[in-house]
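Participant: Any chance you could fold what I've pasted below:
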Amino acid sequence: MNINNKPYKFLLFLMLFSLFLGCVKDDNFSTPTVECNEPSLTANTTIPQVKDMYTFGGATVIDTDVIIEGYVVSSDKSGNIYKSISIQDKPENPTAAIKISIDESDLYTKYNVGRKIYVKLNGLAVGYSFGSIQIGQAVGTELGRISAFEVSKHIFRSCEVATIIPKKVAISDLNDSMLEMLVELDNVQFREDEVGQSYANPDNTETVNRVLQSLDTNCNLQGEVIVRNSGFSNFKNQLIPEGKGSVVAIFSNYYEDYQLYLRDTDDVQLTDARCNYTATLTPTITLSEVNNLYQGSTVEFGVDNNYVTEGYVISSDENGNFEDTLIIQDNIENPTAGIQILLDNNTIFQQYKVGDKVIVKLDKLYMDIVNGALAIGYPKTNSITKITAGDEVNFVFNTNENETIVPTTILISDIFNPTYQNTLVTVDDVQLVSNELGKAYTYYSGQNDAVRTLETCGETNKLSVFTNGNATFANEQFPEGHGKITGVLRSNLEIRNTDDVQFTNPYEVCPVIIPKILITEVADPNNDVSSRFVELYNAGTTDINLTGWKLNKYVNGSTTVSSSPIDLSGNIIAAGDFIIIANTGYAAMFSDTPNIESTYISGNGDDSYELIDNTGAVEDIFGVIGEDGTGTNWEYLDGRAVRNVTVNEPNPVFTASEWTIYSDANNTNITNPNTPQNAPTDFNPRVR
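Facilitator: Numbers count the residues shown, from 1 in each chain. Alright, predicted model coming up:
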C-alpha cells in the first residue's frame, strides 16, 4: 500500500520553523567571533640583512633560524599581480621591502593588505629574479616559488592589520632601494597616445605596458615610468582615464626597467584636468636651420642644445607606402624645408595624419642622409636607423591641430632643386616613358618594390616614382595618360595613394632628346693658377637643363673623385652656348663672370675631369681616370687642352686625337710641347 508522506513532511517543516523563530528575539543576527592567536615569533633579521645574504651565481639557501617581519602591501585580488606578495618593513615611511614568490593564487584571502606577517627563512632561499633580489625556494641552482604545501611552515599571519600609508615619491626619485614598496605618485597622467585605450588588450591575455608621465605645475614633463598591466587582470578592458592626479602602486622592476603594478583601479585617481605637455614645447630651431646643421656627416643633436622644431605631416603609410617613415615640412604652403623621421611603426598614420602639426624634440636624436634625403633617427654604426617602436612619443608630439596641405606645383626641370627635398610637390606635365606603358606600380604579382620613370616631352630630366611592394595598390596598373602627380620628393617621388596620380589627358609621343654636352676647354694658365677654368659646350639643338648633372675631378692619378664634385643644378645651357666653371681669379683676369665659381677647379696639368649626367652616367671626359697626366698625351701643365672644333659628340672614353694640347712640359706625346699659355691673351673662353 502506498502512503503519501508529503503532509507529514510539511508539518515537520512548520514545527522546525516555529522553533527557530522562537529563538530569535529581534532582527539583529550576531556575527561569530573569530579568535586570532598571535604567533610566538620574534624577528631577528631585517629585510636588508636578508638581501645581503644573496651571493651571486644562483639561489642562496638559508639554513639558519632567520626570521623577518613585514607588512603586506600587494594584492592579487584583481589578477594583476601573480603568485607573489610584497612586504615592507613599516606601514608608513618604510625603509626596505622585498617580494616573496609563492606557488599559490588568491593570496589576498590570507595575506590581505596591511597584514603583518612573519617569515621563517630556514629552508627557503634568496635569489636574483628578473633584476631584483626575492625570497623563494631553491630549485636546483635557480630561485623558484615556495610550494603551496610549504607555505604554512614558513609564513605566519600576525593578528595585526595596519593601515598602509603609501610612500609619496616623484618618478625621478624612484630607485632600487624602493623596490616592492607601495608608492604614491602625484601630478601624473597617462601618455597622450594611450588615452582612450584600455589598460591591456581585451582580445588576448598578453601583458601590456602603459606609460605614466610626471609633470610640474607648468605642465613640463619631469619623468616617465611604465605601468605594467596583466592580460589576466579583471580591469584589462577598462579605459585608461584621461585626467591628471595620483596613482598608488607596487614599485617593481624588470631588470633595468622600473615599472608599477596596480592592485586595482581604485588606486588610480586621475580626476584633475589633464596637462597639455605639447603646449609647453616652444620651437627653438626651424627645419631650415636643422637641415643646415648637416655638413656631410652624421649630426648629433645632443641633450643640452634644447633643439625643438615643428612641422606639418605630409606622408601617410595608410596604403603601404612611406614604410617606417614620417615626413614633415615647415609650412602648409610654399615650404622652405622638410625632413623625414625614421620610426619603427607600421601604422604611423593612426598617430600622425596628413596635415597634423607636430612638435619634434630633437635631443638624443641624430641626423644623416637616408634614401637620398636628410633623415632623423637613432644612431647606428656610422649612420642612423629607426626610432624604436613606442619611443616616438618621446620625440614627436601631435598638437592635434590639422591643416590642409597645399602641394607646391613644379615642373620636371625642378625636381633636383634641393629646395623641394622632403616636401609635398605636384609635378605637372608628366607621363610614363614609352617603354613602361602597361606596367604596374610595382609588378602585377609579388611584393617587390619598383620604380617607374616619368618624363616631360622636350626635357632631359626624368622623374623616378617609387612604390613599396607592400602598398595596397602595388599590383595595379600605372595610369597611361598624361597629367600631374603629387607626392613627397626625395631621391624619388613617393605617392600616398592612387588619387595622387591625375593623368587625365591623352598620352603624348615625345621626340627623343639626346644631350650633346662636351668639355671643350681645360685651362691651367701659366701666369695665374687662380684663373683656371673648365668650359662646357652644348653641341646639340635643344636647350639642356643641367639639374642633377655634376663635374668630377680626379687628382694625381686617383681613382676616387676629389672632395665634393661641382653640382651643375640650376644651370640651363642653351644650344650652341657655353658654361664656364672657374676658380676665384677668373672673373678679374678675363673680365667675364663664370657661371659657377669654385676653388674645386684646380687642375694643374695632370688632373682629369669627368662630366656626369642626371642619370649618373658619364657624358664626357678629359684625361684618363687612375692615370697621372705627367708625361702622357694629355698633359696640359701651365697650358690648356682645347677640343677640336670638328668634334661635336660627347665621348665617355678619353680619346687624345680629339684634343689639341698646349703645355710648358717638354713632352713629345702632346701636340704642342714647350708652349706655356698666359692669361688672358692665350685663351678664348666661350668661343669655338
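
Participant: Mind pulling up the pLDDT for the residue lying closest to Y277 once chain neighbours are set aside?
Facilitator: Among residues not flanking Y277 along the chain, L221 sits closest, at 5.2 Å (CB to CB, 6 or more residues apart in numbering). Every residue, glycine included, has its C-beta placed from N, CA and C. pLDDT, L221: 84.

Participant: what sits against L221?
Facilitator: 213-215, 277, 280 (CB atoms under 8 Å, 6 or more residues apart in numbering).

Participant: From those, keep the buried residues only.
Facilitator: 213-215, 277 (16 or more other CB atoms under 10 Å).

Participant: Among these, which one lies nearest to I164?
Facilitator: Nearest to I164, judged by CB to CB, of those is S214 at 22.2 Å.

Participant: and the closest one, what are its bridge partners?
Facilitator: Taking DSSP bridges, one finds V188, G223 as the beta-bridge partners of S214.

Participant: Using neighbour counts, pick out the buried residues of the one helix or strand F251 maps to.
Facilitator: In the assignment (DSSP states H and E), F251 maps to strand 244-254. Within strand 244-254, the residues scored as buried using 16+ other CB under 10 Å are 244-253.

Participant: which one of the residues you listed is nearest I410?
Facilitator: K244 (46.7 Å).

Participant: so that closest one makes contact with F190?
Facilitator: No. Counting by CB atoms under 8 Å, K244 stays clear of F190, with 9.2 Å between them.

Participant: what is in contact with the two at once?
Facilitator: L270.

Participant: roughly how far out does the strand holding F251 sit from the chain middle?
Facilitator: With CA atoms, centre = their mean, to the nearest Å as the basis, strand 244-254 stands 28 Å off its chain's centre.

Participant: can you check stretch 260-273 too?
Facilitator: On CA atoms, centre = their mean, the centre of stretch 260-273 falls 31 Å from that of its chain.

Participant: measure that stretch end to end?
Facilitator: With CA to CA, to the nearest Å as the measure, stretch 260-273 spans 23 Å from end to end.

Participant: Show me the strands in the stretch 101-250 of the chain, by range?
Facilitator: Per DSSP state E, counting those that start in this stretch, the stretch 101-250 of the chain carries strands over the ranges 115-120, 125-129, 132-139, 142-144, 155-161, 167-168, 182-190, 208-215, 221-229, 244-254.

Participant: repeat for the stretch 401-550 of the chain
Facilitator: Using DSSP E, counting those that start in this stretch, strands in the stretch 401-550 of the chain cover 408-410, 423-432, 450-455, 462-467, 482-489, 493-494, 501-505, 517-523, 533-538, 544-545, 550-554.

Participant: Please tabulate the ones you listed in TSV and include mean pLDDT, distance to G639 and mean neighbour count as additional columns.
Facilitator: As requested, the strands of the stretch 401-550 of the chain are exported to TSV (pLDDT from 0 to 100; distance: least, CB to CB, whole Å; neighbours: other CB atoms under 10 Å):
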stretch	mean pLDDT	distance to G639	mean neighbour count
strand 408-410	98	44	16
strand 423-432	98	46	22
strand 450-455	95	42	18
strand 462-467	94	39	20
strand 482-489	98	44	22
strand 493-494	98	46	22
strand 501-505	98	54	15
strand 517-523	98	8	25
strand 533-538	98	13	26
strand 544-545	88	29	24
strand 550-554	97	18	21
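
Participant: can you put the ones you listed in a markdown table and add distance to D330?
Facilitator: Output for the strands of the stretch 401-550 of the chain, formatted as a markdown table (distance: least, CB to CB, whole Å):
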| stretch | distance to D330 |
| --- | --- |
| strand 408-410 | 12 |
| strand 423-432 | 9 |
| strand 450-455 | 27 |
| strand 462-467 | 23 |
| strand 482-489 | 14 |
| strand 493-494 | 19 |
| strand 501-505 | 26 |
| strand 517-523 | 35 |
| strand 533-538 | 35 |
| strand 544-545 | 27 |
| strand 550-554 | 28 |
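
Participant: out of these, nearest to Y662?
Facilitator: Between the strands of the stretch 401-550 of the chain, strand 517-523 lies closest to Y662; by CB to CB that is 9.8 Å.

Participant: Okay, now the sheet partners of that closest one, with direction.
Facilitator: Short version: by DSSP bridges, strand 517-523 pairs with strand 533-538 (antiparallel), strand 640-643 (antiparallel).

Participant: Any chance of these in JSON lines with distance to L179 as columns?
Facilitator: As requested, the strands paired with strand 517-523 are exported to JSON lines (distance: least, CB to CB, whole Å):
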{"stretch": "strand 533-538", "distance to L179": "70"}
{"stretch": "strand 640-643", "distance to L179": "77"}
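
Participant: Those: which one's closest to Y71?
Facilitator: When the strands paired with strand 517-523 are compared (using CB to CB), the closest one is strand 533-538, at 85.0 Å.

Participant: Can you pull out the low-pLDDT segments for the stretch 1-150 of the chain?
Facilitator: Within the stretch 1-150 of the chain, the stretches with pLDDT under 70 are 1-34.
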